[in-house]
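[1] sequence first, predicted model second:
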Amino acid sequence: MYVDTSPFSAAHLALNAEVLGPERMLFGTDSPPISVPLKEFRHMIEKLPLDKASQQLILGGNAEALFDLRSRP
């Protein structure tokens, strides 16, 4: 099971990271329309008590692996 980060809630994101782990989280904004600036969404991920490698999984690494984006042009 994967969850996305579109609910704009620091508590929700922290709970997902704690229960499911950062390897099950995908960066998502439900855009368009986007309710807050993209920079704020990214900042919420960066404020989670996770190491940089885990943050990078959420911000794109998990999606690359799940959707095999590295092998696509």
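    Structure's in. What do you need?

[2] the residue nearest the centre of the chain and residue 60: what is the separation?
    In the chain, the residue lying closest to the centroid (C-alpha atoms, centre = their mean) is residue 27, at 3.0 Å. According to C-beta to C-beta, to the nearest Å, residue 27 and residue 60 sit 6 Å apart. (Glycine included, C-beta is placed from N, CA and C.)

[3] where do the helices of this protein begin and end?
    With helices called from DSSP state H, the chain shows them at 10-19, 38-46, 52-56, 62-66.

[4] for residue 2, which of those helices is the nearest?
    Among these, the nearest to residue 2 by C-beta to C-beta is helix 62-66 (6.9 Å).

[5] now residue 36, nearest residue through space, not along the chain?
    Beyond its immediate neighbours in the sequence, the residue positioned closest to residue 36 (C-beta to C-beta, 6 or more residues apart in numbering) is residue 8, lying 5.9 Å away.

[6] and for residue 43, the neighbour number?
    Around residue 43 there are 12 other residues, counting by other C-beta atoms under 10 Å.

[7] in the chain, where is pLDDT below threshold?
    73 (pLDDT under 70).

[8] for residue 59, which non-adjacent residue is closest in space?
    Spatial nearest neighbour of residue 59, excluding adjacent residues (C-beta to C-beta, 6+ apart): residue 27 at 5.0 Å.

[9] list the residues that contact the one you found.
    Taking C-beta atoms under 8 Å, 6 or more residues apart in numbering, we find residue 27 in contact with 4-5, 41-42, 45, 58-60, 63.
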